[in-house]
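[1] Take this sequence and fold it.
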Amino acid sequence: MAPQANSRKPSTPWRTLKFSLAFLLTIANLHPLTTDAQSKAPYSKKQLVDALRKNQKDHSLTAQDFVQYIEQRGVDFELTGSDEADLREAGAEPEVVLAIVRNYREPPLPKGSGAVTINSGLADCQVFINGQLRGSTNVQGRLRLRPLKAGPYSVVVRKDRYEEQQRSILVTSGIETNESFSLAPLKGSLTVVPNLSGSKVIVNGSEYTDAVRNLTLEPGIYGVKITKPGYKTVSQSVTIGPGQPVNVPVTFEVIKVEELLANAGESFRLGNFPRAIGFAKDILEVQPNDPKANLWLGLSYFHSENYDAAVAPLVKAISLGEMVSIKLQRHTKYGLVGENDQLTPGTLLIGKNLLEFQTLAGAKLFSVPLDKVYRVIPEDNRGGRLQIKVGNPSKQKDSGKDFNFHPMQARLQQEVIGTSVVLKIYCNGCVPSVHAIYQIIEQSRQGIAQSPTVAKP
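    Numbers count the residues shown, from 1 in each chain. This is a model prediction of the structure:
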């Protein structure tokens, strides 16, 4: 009967001895270890790289074997980014790299020598001592140099796309010092050349004509906008790295006015006034006399409470045949002696030669040509009230009738005066909108009065 195979693993001492011999043989083929002191010394980077490369051919050791021997003897170097790249290229598994990081063995400083740690705050900075490259900073931006014979040294720290720094240091026997360096990034550059001339390039608010070529910039993020009348605006964010040249190609796309008009109107109806303003401006760069674009621009400004900006495009839209409608409340008094107040909402319509107020039910309170508008007065002391006097269109001459209006945010509020309770109108922020409506009506009236085809009132 054949003896049963023993499935038990060899004892730990035998396994350890086996691995030790294999590992030492792997390294010894390239770097013979001639003394016990050498064999017990921490491994150098070169020893490990050579052993790893040989192991890629004969596969005599596992990654765990490497980890075990690194833990037993340690390494004599602190791992940098370039070190890790070399070790991984030689075949080091992640656990082997981690073992190297954890098992750095710092040797004692020889007599008459000291040490210095270079802190740059940046990884992979090359460090030169007296003109000789001594290594690169690790991922934390540090490089320890030891041992160094006591005395003065010239240190140069360099990194691609950064300004190098140079400094003289003094190494003292038996002491480790820290030297901090701060490398300034080199400026980058930006080139923006549109495919059509006559454009405008805007970089973080600064304007340039036609194009930008090799514009020197500090590293950072920049907003770039390129415009040309008749074409869609191109906008994008550009990141400039240290010493990095960036080229932004630009191909303009022709603006389709009909599409933009539809987008502007839809944005306005949805209450997205900034978007409506953007579409309208794009149209007006191509067609400054487009009536609808002026209308959407002015109404969007008005509803955004940018009343000063709203006046000019709305007056222009009216002169081009558009009708401007603004929600207002008519202020009336009722009772035997007019002791009560009432606010009735409706719509004020301003056309090329028309001023009209309609109630919510559609009834016309008045509808007159602009030469029958006798007076328009903004009354700041009445909480922001607009008084309009209009005449009777069927009569050549009449004294006219006054109508008082307030913006939609106006409200009636009871107030106690002595022993009486009265209603008063309060309207926060009404004055600017009232003045804007006044300007729109007055400028439209002046335009009609100056027209040779329309008689002056």
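[2] other SSEs contacting whichever strand or helix holds P274?
    Assigned by DSSP states H and E, P274 belongs to helix 273-286. If contacts are counted by 3 or more C-beta pairs under 8 Å, 6 or more residues apart in numbering; DSSP states H and E, helix 273-286 sits against helix 257-269, helix 291-303. Quick note: C-beta positions are derived from backbone N, CA and C, even for glycine.
[3] mind listing what's buried in stretch 368-383?
    368-374, 376, 378, 382-383 (16 or more other C-beta atoms under 10 Å).
[4] likewise stretch 383-402?
    Under the neighbour-count criterion of 16+ other C-beta under 10 Å, stretch 383-402 has 383-388, 390-391, 400 buried.
[5] Out of these, which two sit at the greatest distance?
    G383 and G391 (26.8 Å; C-beta to C-beta).
[6] Now the weakest link among the helices and strands packed on helix 273-286, please, by mean pLDDT.
    Of all the helices and strands packed on helix 273-286, the minimum mean pLDDT falls on helix 257-269 (a mean of 92).
[7] who's in contact with it?
    Helix 257-269 is touched from outside by 273, 275-276, 279-280, 282-283, 286-287, 290, 292-293, 296-297, 299-300, 303, with contacts defined as C-beta atoms under 8 Å, 6 or more residues apart in numbering.
[8] Stretch 64-80 too?
    For stretch 64-80, the surrounding residues in contact (C-beta under 8 Å, 6+ apart) are 16, 19-20, 22-23, 40-45, 48, 51-52, 55, 83, 87, 92-93, 95-97, 99-101, 103-105, 107, 123-124, 135-139, 143-144.
[9] can you tell me which of those residues are in strands?
    Those of these mapping onto strands are 135-136, 143-144, per DSSP state E.
[10] how about Q358, what does it touch?
    346-347, 349, 364-365.
[11] Okay, and the beta partners of it?
    Q358 has the following beta-bridge partners by DSSP bridges: T347, K364.
[12] Could you measure from it over to L349?
    The gap separating Q358 from L349 is 7 Å, by C-beta to C-beta, to the nearest Å.
[13] Then A317?
    Counting by C-beta to C-beta, the gap from A317 to L349 is 13 Å.
[14] Same drill for those two, tell me which one is more crowded.
    Per other C-beta atoms under 10 Å, whichever of A317 and L349 has more neighbours is A317, with 26 against 16.
[15] Test my guess that that one contacts L295.
    Yes. Using C-beta atoms under 8 Å, A317 is in contact with L295, at 4.0 Å.
[16] intersection of neighbour lists for the two?
    What both A317 and L295 touch, as defined by C-beta under 8 Å, 6+ apart, is the set V324.
[17] what's the nearest residue to Y231 if we skip its chain neighbours?
    Using C-beta to C-beta, 6 or more residues apart in numbering and skipping the chain neighbours, the partner closest in space to Y231 is F252 (3.9 Å).
[18] Chain neighbours aside, what residue packs nearest to G429?
    Leaving aside its sequence neighbours, G429 sits nearest to Q409 (C-beta to C-beta, 6+ apart; 6.6 Å).
[19] Could I get the contacting residues of that neighbour?
    Q409 neighbours (C-beta under 8 Å, 6+ apart): 427-430.
[20] Please apply the same query to S199.
    210-211, 226-228, 231, 250, 252.
[21] Kindly reformat those residues as TSV containing pLDDT.
    Below are the contacts of S199 laid out as TSV (pLDDT from 0 to 100):
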residue	pLDDT
D210	92
A211	94
I226	94
T227	89
K228	85
Y231	83
V250	93
F252	90
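[22] Can you tell me which of those has the most neighbours?
    Top of these by neighbour count (other C-beta under 10 Å): I226, with 25 neighbours.
[23] if I've got this straight, it is in a helix?
    No. Counting by DSSP: H, G, I helix; E, B strand; the rest coil, I226 is not found in a helix; it is strand.
[24] In helices, which of the contacts of Q409 fall?
    The helices, defined by DSSP state H, take in C430 from these.
[25] Kindly write the PyMOL command that selects the buried subset of the contacts of Q409.
    One line in PyMOL is enough to select the buried members of the contacts of Q409, burial here meaning 16+ other C-beta under 10 Å:
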select buried, resi 427+430
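[26] Let's verify I440: helix, strand, or coil?
    Recorded secondary structure, I440: helix (three-state DSSP).
[27] can I assume it is in contact with K316?
    No. Using C-beta under 8 Å, I440 is not in contact with K316; the gap is 10.5 Å.
[28] In terms of neighbours, single out the busier of the two.
    Using other C-beta under 10 Å, the more surrounded residue of I440 and K316 is I440, with 25 against 22.
[29] residue contacts, the nearest residue to the more buried one once chain neighbours are set aside?
    Excluding its sequence neighbours, the residue lying closest to I440 (C-beta to C-beta, 6+ apart) is L314, at 5.3 Å. Going by C-beta under 8 Å, 6+ apart, L314 touches 294-295, 298-299, 302, 324, 350, 440.
[30] what's the helix or strand for L314?
    Secondary structure (DSSP H and E) places L314 in helix 307-319.
[31] Mind exporting the C-alpha coordinates of that helix to CSV?
    This file holds the C-alpha atoms of helix 307-319, laid out as CSV (Å, rounded to 0.1, in the frame of the first residue of the first chain):
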residue,chain,number,x,y,z
TYR,A,307,-36.8,99.7,-14.8
ASP,A,308,-34.2,102.2,-16.1
ALA,A,309,-33.0,99.6,-18.6
ALA,A,310,-36.6,98.7,-19.7
VAL,A,311,-37.5,102.2,-21.0
ALA,A,312,-35.5,102.5,-24.2
PRO,A,313,-36.3,99.1,-25.7
LEU,A,314,-40.0,99.4,-24.9
VAL,A,315,-40.2,102.9,-26.4
LYS,A,316,-38.4,101.5,-29.5
ALA,A,317,-40.7,98.5,-29.7
ILE,A,318,-43.7,100.8,-29.6
SER,A,319,-42.3,103.1,-32.3
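[32] in the helix or strand harbouring L423, what counts as buried?
    Secondary structure from DSSP H and E places L423 in strand 420-426. Across strand 420-426, burial judged by 16+ other C-beta under 10 Å covers I425.
[33] Please could you give me each C-alpha atom of it, formatted as CSV?
    What follows is strand 420-426, C-alpha atoms only, in CSV (Å, rounded to 0.1, in the frame of the first residue of the first chain):
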residue,chain,number,x,y,z
SER,A,420,-61.9,107.5,12.6
VAL,A,421,-60.6,104.5,10.6
VAL,A,422,-59.6,105.3,7.0
LEU,A,423,-58.1,103.3,4.2
LYS,A,424,-54.7,104.3,2.8
ILE,A,425,-52.7,103.0,0.0
TYR,A,426,-49.3,101.6,0.7
